[in-house]
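K.L.:
dropping the sequence and predicted coords here.
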Amino acid sequence: MAEGCAGINFEQEKYRIGTVTVRDPFDYLRWIRSKSSNTQAQLTTLLSNHDFTYQLARDDALALIERQRFLPETFGGLRVSVETVSAANCRQKPNTLDLIYTILSTSPPKILSGTAESQDRLKTVPQDAMGLRQGGTPVRFTPAGGYNNSERVFGGGRLEASRKIKQFPVFDTFTAEGKASSTMQQITTALEGSADTMHAISHVDWRVHYFSRVEPAKPAELRRGSLSAQFSAATRPFAGGAMTFRFGGLIEGGNMQSSFSRSQLAGDTVASAGFGAIKSYAGLASRLTHNVLSASYGLELGSIGPSTRVDWRKHIVDIADEFWIPLRPHYALEVEGRFTAGLLQVPGVVPVGERFFGGNAETYFVPGDTWQIRANPVIRAIPANRFGLTSQGAGGSSFASVNWTAAFPVKAWPLVPLAVKDEATPLLDGQITSATSVEQNFFSWKDPAFQEILKLQEPLRASLTTLRIAVEAAKSENSATPQLPFTNCSNQILLADFNAKMAGEKKDITQYGLAVAPIRQVAQLLATCRLLNQPSVDQAGLGVEKIRAQIEQADARIQPAAKIKATADTAFVRRTIRTLMNDMNVFSISPVVVFDVARIGPASSGMGMRYGPGGGVRLSVASYVNFTVGYAWNVGRRPGEGPGALFVTIGIRDLFQ
């Protein structure tokens, strides 16, 4: 309630409605902005210049908003919406006021809410975390650009079309991405699909991916082209909803080339070759309060040309941790840490492009942005691919790197205004609690032990029939007494019998509610029937009570596990929403401090430990631009190396939003 409007009964004081405003924190999305504008126009017609009534301003207006469907129709997961109304600009003589309607809607995907990748997406495209990306245009184009000393100034973009393709029914997304500079060119295309289930494996995605890249690796050049097919999957959350387990695999074939001369390579390394590889990977992802942690392991088995032999084995370990300490609302100290290590074993020969090259650019073990396993040593003080010229030849056979980044906003504008957050948070929590109850019912229905409850429905119906016959007989014997108590008892018996009959016929989640209804329903009808004070009725009721108790005992065995699963399922969602409400900024400016440590092997290469402290500044405007510029110093630089490196990353708004 705005200042000057508190404590007034607008209906009694005969206030008249002036302007009507609709606000949504995600109205920078074109389709949300369109819905907001359309809703505001309809509310203006409904309310503006009308006498204020609570029925009109609250019930009728909020019902209109509900019909607008601010959530994508295509999303089938948890849906939560909160709409609030507040008065503003209350004026007297004449008594008028303005109304502000605030809308916050979310369909957060559970499986991505606990990963390090989703936390990065939360900061750059918060609509993804809210499940709002599913709406609007199916085609999106996102420009991109940046700079580093090796690749120079580069630019490009990503085109994504997310719509079912009739010719490829198993895929729902097509992406094409390209970027280039005077020294680097990269093109990727992919067809992707995914599925969510309510089983132990709750999310599966798959991808067919083409990749082509030319990049500098001073004093030479690396070129790679490949076609791959991959899948990955994730389990339901466990450990109280704190963790998920992920795993996947990939098969790949292509060609790797380079301009390195024979003298620049190790004895077991070739400059160019066709190759084939199989990759497997697994990891844990965890989301706790103000902390996101993921750990991944990848194994690659590769060969030169089409062959069943193994020419090389590559092992990758990647651990990423991000935590943030809220010093006050929307002003949090963010600390990002990452440890990556790799080992290359070569029983045969290996293309030089498979060896490890480090610097201030990342390479990933598998394609895609839903699971990013870093596969090279990153040190921001050395240009891309220039950390890898060992005494034994180009490219390392092992590495380890640790990277730290800390940032604190000096100025921030919250995504969700504080006043809205205070009002909406308890409402959102309440809806998530309700959704948890629905999921608990689902898991109870899916529990194999539920069949025991279903098998009790027919014996229950038989016992209810026996009880009803006893009631009818007692009613006839007591025709001179009031008949209403007998009728009430019989009606409740018939209702319980109908529910038991439907429980045997239903094949969806409603079957659970009908099957366990006797736990309360039968207890109530027996209490009603005992009021008749008829020994024959009480005796018949003993059989009904016995089966009711068996249903209750069976349900009590099911509920604890179902509750744990349901709570774990919604824990990620609850934490993600709280992060959006309490920490997420639509705009912020932050100084950045970085510190890197890296080492590349073999141990006899003489490369030693390298250090790269530095700093910079980060400008973030959610879904508009994310700009980071900084400089890292090359401590203990070697001959031919520069004193450090400038790093610039730019992410520009999706143009079709």
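P.N.:
Received, thanks.
K.L.:
give me the domain ranges for this protein.
P.N.:
Structural domains assigned to the chain are 16-106, 116-415+584-652, 433-576, following automatic domain parsing.
K.L.:
quick one, strands of the stretch 501-650 of the chain?
P.N.:
585-601, 609-621, 625-633, 644-652 (DSSP state E, counting those that start in this stretch).
K.L.:
where in the stretch 201-350 of the chain is pLDDT low?
P.N.:
For the stretch 201-350 of the chain, no stretch has pLDDT under 70.
K.L.:
please, where are all the strands along it?
P.N.:
Going by DSSP E, counting those that start in this stretch, the stretch 201-350 of the chain shows strands at 201-217, 220-235, 243-258, 269-270, 273-288, 291-304, 312-328, 331-345, 350-351.
K.L.:
pick the most buried one from those.
P.N.:
Most buried of those, by mean neighbour count (mean count of other Cβ atoms under 10 Å): strand 350-351, with a mean of 26. Every C-beta, even on glycine, is put in place using the N, C-alpha and C of the backbone.
K.L.:
partner strands of that strand and their direction?
P.N.:
Here strand 350-351 has these sheet partners by DSSP bridges: strand 269-270 (parallel).
K.L.:
how many other residues sit next to Gln550?
P.N.:
Number of residues near Gln550 (other Cβ atoms under 10 Å) recorded here: 17.
K.L.:
give me the nearest residue to it, chain neighbours excluded.
P.N.:
Nearest non-adjacent residue to Gln550, counting by Cβ to Cβ, 6 or more residues apart in numbering: Leu456, 5.8 Å away.
K.L.:
for Glu452, same thing?
P.N.:
Using Cβ to Cβ, 6+ apart, the closest residue to Glu452 is Ala554 (4.9 Å).
K.L.:
OK, contacts around the one you found?
P.N.:
By Cβ atoms under 8 Å, 6 or more residues apart in numbering, the contact list for Ala554 reads 449-450, 452-453, 456.
K.L.:
closest to Leu47 out of the residues you listed?
P.N.:
Comparing the contacts of Ala554 against Leu47 with Cβ to Cβ picks out Phe450 as the nearest, at 48.7 Å.
K.L.:
separation between the closest one and Leu460?
P.N.:
15 Å (Cβ to Cβ, to the nearest Å).
K.L.:
neighbour count for those two, which is higher?
P.N.:
Leu460 (25 against 20).
K.L.:
make a ChimeraX selection of whichever of the contacts of Ala554 turn out to be buried.
P.N.:
With 16 or more other Cβ atoms under 10 Å as the burial test, the buried ones among these are selected in ChimeraX as follows:
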select :450,452,453,456
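K.L.:
which pair of the contacts of Ala554 spans the longest distance?
P.N.:
Ala449 and Leu456 (11.8 Å).
K.L.:
a markdown table for the strands of the stretch 501-650 of the chain, including mean pLDDT, distance to Ile547 and mean neighbour count?
P.N.:
Formatted as a markdown table, the strands of the stretch 501-650 of the chain follow (pLDDT from 0 to 100; distance: least, Cβ to Cβ, whole Å; neighbours: other Cβ atoms under 10 Å):
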| stretch | mean pLDDT | distance to Ile547 | mean neighbour count |
| --- | --- | --- | --- |
| strand 585-601 | 92 | 58 | 20 |
| strand 609-621 | 91 | 62 | 18 |
| strand 625-633 | 88 | 62 | 18 |
| strand 644-652 | 82 | 63 | 19 |
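K.L.:
may I see these arranged in JSON lines, with distance to Gly302 as well?
P.N.:
Below are these laid out as JSON lines (distance: least, Cβ to Cβ, whole Å):
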{"stretch": "strand 585-601", "distance to Gly302": "19"}
{"stretch": "strand 609-621", "distance to Gly302": "27"}
{"stretch": "strand 625-633", "distance to Gly302": "32"}
{"stretch": "strand 644-652", "distance to Gly302": "31"}
